[in-house]
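>>> With the sequence up front, the predicted model follows.
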Amino acid sequence: MPGTTAIFSGRESRNTLLCNINTYAVVLIGKVMSKKTNIIGKKFGKLIPIKEYGTIGKQLTYECICECGNKKVIKGNSLKSGNTKTCGCSIKVDLTGYENDECKVLDRADKLTYWNTLCKGCGKIHTQNSREIRKNSKNRDCKFYKPHNWSGLERTDMIMRREYGITLNEYHSIIKEQGGGCYICGRKKEPDGRRLSIDHDHDTNKVRGVLCYSCNKGLGLFYDNINSLEKAILYLKNPPYQNINN
């Protein structure tokens with residue numbers, strides 16, 4: 001430190017000096033950080049910060065009021081750098097009646113840059129923002145929407161191929177072979193509408209058939225042990241307590 005002369009007489013003296021230097025650095029950094037610029041009441045474009053709002057990460061944010069009357073929370077760095085000058089009110093492009101390959105804009109939605117659009121794919125009304133409309137993007141809510149990396153397979157078909165090694169058509173063929181439902185109880189579908197479960201051998205990973213959730217769970221609780229299952233059947237047919245009474 002300025003004006004300080006240190007005489008090294010051993011390891012203890014060096015450690016003391018390093019400790020003092022570290023303490024001085026922490027105090028200095030604290031003083032620098034405490035001198036934050038007060039921007040409350042100053043104007044940045046159309047925005048005026050009216051109070052501190054909190055932090056996002058390590059960045060201080062401010063609640064600002066715009067010339068249009070809207071209030072919006074903005075990062076202080078964005079205000080100082082000039083990256084944000086309005087609440088978004090300057091973006092007033094009327095897309096009503098605009099049409100692209102995927103939709104036709106009907107009117108403005110509740111949000112500033114969102115619009116109600118009539119989908120040309122499914123014929124339903126969806127909400128889309130201005131950027132998606134201009135990019136000619138299909139709305140994700142449309143039943144015909146496919147992501148850019150779509151494999152060409154339906155989601156269920158893809159999951160069955162990946163996890164069990166069978167196709168959706170093979171799944172339906174198994175159910176048909178079983179009589180149209182769960183092999184054990186005959187249930188056609190789950191009470192909540194879900195598909196029946198694919199049962200497979202956990203040792204070989206080979207598919208055995210299709211079962212309802214309850215039957216599939218039951219086999220799992222018996223660890224697929226045939227002897228235990230046969231004993232369970234015998235137990236139900238000939239309960240021990242019944243023999244004692246007789």
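All right, it came through fine. Numbers count the residues shown, from 1 in each chain.
>>> what number of residues lie near the closest residue to residue 85 other than its chain neighbours?
In space, and not counting its chain neighbours, residue 85 is closest to residue 45: 2.6 Å by Cβ to Cβ, 6 or more residues apart in numbering. The C-beta positions use only the backbone N, C-alpha and C, and glycine is treated the same way. Counted by other Cβ atoms under 10 Å, the residues lying close to residue 45 total 16.
>>> OK, contacts around residue 45?
82, 84-86 (Cβ atoms under 8 Å, 6 or more residues apart in numbering).
>>> Identify the farthest-apart pair in the residues you listed.
Largest separation among the contacts of residue 45 by Cβ to Cβ: 82 and 86, giving 11.4 Å.
>>> Those two: which is more packed in?
Legend: neighbour count by other Cβ under 10 Å for residue 82 and residue 86, higher for residue 86 (18 against 9).
>>> so what's residue 96 up against?
Each residue near residue 96 by Cβ under 8 Å, 6+ apart is listed here: 105-108, 115.
>>> Same list (these) but as JSON lines, adding secondary structure, pLDDT and distance to residue 142.
Listed next are those as JSON lines, based on DSSP: H, G, I helix; E, B strand; the rest coil; pLDDT from 0 to 100; distance: Cβ to Cβ, whole Å:
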{"residue": "105", "secondary structure": "strand", "pLDDT": "94", "distance to residue 142": "15"}
{"residue": "106", "secondary structure": "strand", "pLDDT": "94", "distance to residue 142": "15"}
{"residue": "107", "secondary structure": "strand", "pLDDT": "91", "distance to residue 142": "19"}
{"residue": "108", "secondary structure": "strand", "pLDDT": "87", "distance to residue 142": "20"}
{"residue": "115", "secondary structure": "strand", "pLDDT": "91", "distance to residue 142": "15"}
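>>> And those residues, which is closest to residue 136?
residue 105 (12.4 Å).
>>> Give me the neighbour count for that closest one.
19.
>>> any low-confidence regions in this protein?
1-36, 90-92, 111-112, 245-246 (pLDDT under 70).
>>> now the helices: where do they sit in it?
With DSSP state H, the ranges of helices along the chain come out as 11-34, 76-81, 130-134, 155-164, 168-177, 213-221, 226-237, 240-245.
>>> angle of the fifth one against helix 155-164?
I take that to be helix 168-177. Angle, helix 168-177 to helix 155-164, by axes from the mean of the first three to the mean of the last three Cα atoms, to 10 degrees: 80 degrees.
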